[in-house]
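Student: model the structure of this input:
(one chain, ligands or ions: 2)
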Amino acid sequence: MEQEDFTEMEPPPSPKPSFVRNVNLAAMDEDYLYHLALDTKHNDLKDMFRDVKFVCFGGSPGRMKAFAFYMVKQLKYKITAGQTLEDISKGSDRYVLYKVGPVLSVSHGMGIPSLSILMHEILKLLNHAGCDPGEVMFFRLGTSGGLGLEPGTVVISEAAVDGLLRPYMEVATLGMVIQHPAFLCPELNKELLEVSKSVGCQSVLGKTMCTYDFYEGQARLDGAFCEYTEEDKRNFLKRAHARGIANIEMESLCFAAMCHRTGVKSAVLCVTLLDRLQGDQISTPHDVMEEWQCRPQRIIAEFIRKKLGITD
Ligand code: R2B
Ligand code: URA
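Tutor: Ligands and ions are numbered 1, 2, ... in the order given. Just a heads-up that it's a prediction; the model follows:
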């Protein structure tokens, strides 16, 4: 069956920024952010997080720890002798959370369910902390498979689409399917594209397909199961490419949809690890891939430095 073409769908307007939209929260005496091992009873969230301005999300705990230490250098952040950065969420062992001045670096694991839990708790955390949603920005820094792009290219997502190429996330709520649009901010993307040029990273704007699975969901031939042919795969990926899809990963739909609901400025930058029109396996040497994975981080670090007026 031919899929509906959403290529020209207009993004709905963003609401006035607010981290939360839930009347029940005001009636709660305490709030336990269970997966972050933080709560409003035992932690002074205002004191800990009120100055946060940039929240950077990424899949891997190791990469987000490394990003936090990278930001220490990039922001010329002073750590007192004998002290170091601590994982603020170490009590939970689910995600890592580091803070470097106004920057939070947090890991979200793989896939939408893991990201969704974290987003709910980070949004509530920022709300409890009294941060200004009009002054905060969210970034997802990740990896992906590219379509027709040289591996190592960074894709800045204009919108996320699901595996049926629809630009919204469907959530089953109370037995009904609710659709949340997954568009991102064109103005912020333009700025990020400029910054990526200034740090010498090959970057493009494009749509990102977000799937619920790495293998069959992304039309791979090399999973444990496969009931389609190489030609079926090629036809699907070519059709996606023709609809403006530049890359494929597993979290952007939820990230964009939840950010869009908040009205907070946000962007998704994912480096491509391979060209999916050429193959499925990721066999690039580890050191090359490490360097590629730093590219979204370098762009965001420079963007933050510019916003904070830090010059060398
Ligand atoms: C990119 O890479 C991971 C799968 O290898 C997944 O989290 C994603 O979005
Ligand atoms: N991450 C994905 O989700 N897909 C790829 O092909 C590469 C990284």
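Student: who in the stretch 51-200 of the chain is up against ligand 2?
Tutor: Residues of the stretch 51-200 of the chain lying close to ligand 2 (CB under 6 Å from any ligand atom) are Thr143, Ser144, Gly145. Backbone N, C-alpha and C define where each C-beta goes, glycine included.
Student: can you tell me the helix or strand for the second one?
Tutor: Think Ser144. Per DSSP states H and E, Ser144 falls inside strand 137-146.
Student: quick one: average pLDDT of that strand?
Tutor: Averaging pLDDT along strand 137-146 gives 98.
Student: now swap in stretch 252-265 and tell me
Tutor: Averaged over stretch 252-265, pLDDT sits at 98.
Student: then stretch 287-302?
Tutor: Rounded mean pLDDT across stretch 287-302 is 98.
Student: check whether that stretch comes near ligand 2.
Tutor: No: judged by CB under 6 Å from any ligand atom, stretch 287-302 and ligand 2 are separated, with a smallest distance of 10.1 Å.
Student: tally of neighbours for Leu104?
Tutor: By the criterion of other CB atoms under 10 Å, Leu104 has 25 neighbours.
Student: now Met250
Tutor: 24.
Student: which residues touch it?
Tutor: Met110, Gly111, Ile112, Cys210, Thr211, Tyr212, Asp213, Phe214 (CB atoms under 8 Å, 6 or more residues apart in numbering).
Student: now with 10 Å?
Tutor: Neighbour list for Met250: 59, 109-112, 114-115, 142-144, 209-214, 217-218 [criterion: CB atoms under 10 Å, 6 or more residues apart in numbering].
Student: now the residue in the chain that ligand 2 sits nearest to: closest residue in space, sequence neighbours ignored.
Tutor: Proximity of the chain to ligand 2 (CB to the nearest ligand atom) peaks at Gly145, 2.5 Å away. Nearest residue to Gly145 in three dimensions, chain neighbours excluded: Arg276, at 4.3 Å (CB to CB, 6 or more residues apart in numbering).
Student: the stretch 101-250 of the chain: strands as residue ranges?
Tutor: All strands of the stretch 101-250 of the chain, identified by DSSP state E, counting those that start in this stretch, fall at 103-107, 137-146, 154-161, 168-173, 176-181, 203-210, 245-249.
Student: direction included, what does the longest one pair against?
Tutor: Strand 137-146 has the following strand partners under DSSP bridges: strand 54-58 (parallel), strand 245-249 (antiparallel), strand 265-275 (parallel).
Student: between the ones you listed, which one is closest to Cys131.
Tutor: Nearest of the strands paired with strand 137-146 to Cys131, taken as CB to CB: strand 54-58 at 9.3 Å.
Student: and after the closest one, which helix or strand comes next?
Tutor: Per DSSP H and E, the first helix or strand lying C-terminal to strand 54-58 is helix 61-74.
Student: now do the same contact list for the closest residue in space to Phe225 that isn't next to it in sequence.
Tutor: Counting by CB to CB, 6+ apart, Glu216 is the residue found nearest to Phe225 once chain neighbours are left out, at 6.6 Å. Going by CB under 10 Å, 6+ apart, Glu216 touches Gly163, Gly223, Ala224, Phe225, Cys226, Glu227, Tyr228.
Student: cool, thanks, signing off.
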